[in-house]
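**Student:** what shape does this take:
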Amino acid sequence: MTESLTYSLEKKEDHFEIRRYPDYILAQVDVESDYDSAIGIGFSILAKYIFGGNKKQKSIPMNTPVSEEK
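**Tutor:** Here you go, the predicted structure:
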């Protein structure tokens, strides 16, 4: 199970919430390929970074949300 960031609830109304999250690291990569290939390539690049393939050579926690877009 992927851990979710803790947050404080600022406001809740009908079907939406306004949340306040603490500072966090955002890892993002842009890949030029067809959609299915780009998902696999992008995930591989980010997984290497998350599991220690970064400047500090240290693993960082992977939290939700995780997103993708075309």
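**Student:** what segments of this structure are helices?
**Tutor:** Taking DSSP state H, the helices of the chain run over residues 35-50.
**Student:** check the gap between the residue sitting furthest away from the middle of it and residue 61 for me.
**Tutor:** Centroid-distance maximum for the chain: residue 14 at 26.5 Å, with C-alpha atoms, centre = their mean. Using C-beta to C-beta, to the nearest Å, residue 14 is found at 32 Å from residue 61. C-beta: built from backbone N, CA, C; applies to glycine.
**Student:** who does the residue lying closest to residue 65 once chain neighbours are set aside bridge with?
**Tutor:** Leaving aside its chain neighbours, residue 65 sits nearest to residue 4 (7.9 Å; criterion: C-beta to C-beta, 6 or more residues apart in numbering). Note on residue 4: beta-bridge partners residue 64, judged by DSSP bridges.
**Student:** so what's the residue farthest from the centre of the chain up against?
**Tutor:** Residue 14 makes contact with no residue, according to C-beta atoms under 8 Å, 6 or more residues apart in numbering.
**Student:** where does it land on pLDDT?
**Tutor:** On the pLDDT scale, residue 14 is placed at 94.
**Student:** next: residue 27.
**Tutor:** 85.
**Student:** I figured residue 35 hits residue 70, correct?
**Tutor:** Yes - using C-beta atoms under 8 Å, residue 35 makes contact with residue 70 at a distance of 6.0 Å.
**Student:** got any residues that touch both of these two?
**Tutor:** By C-beta under 8 Å, 6+ apart, no residue touches both residue 35 and residue 70.
**Student:** got the buried residues for stretch 30-40?
**Tutor:** Residues residue 38 are the ones in stretch 30-40 that count as buried (16 or more other C-beta atoms under 10 Å).
**Student:** first-to-last residue distance for that stretch?
**Tutor:** Taking C-alpha to C-alpha, to the nearest Å, stretch 30-40 runs 12 Å from one end to the other.
**Student:** again, but for stretch 54-67
**Tutor:** With C-alpha to C-alpha as the measure, the ends of stretch 54-67 fall 21 Å from one another.
**Student:** give the rounded mean pLDDT of it.
**Tutor:** 84.
**Student:** picking that back up, can you check the pLDDT for the residue nearest to residue 65?
**Tutor:** Predicted confidence (pLDDT) for residue 4: 80.
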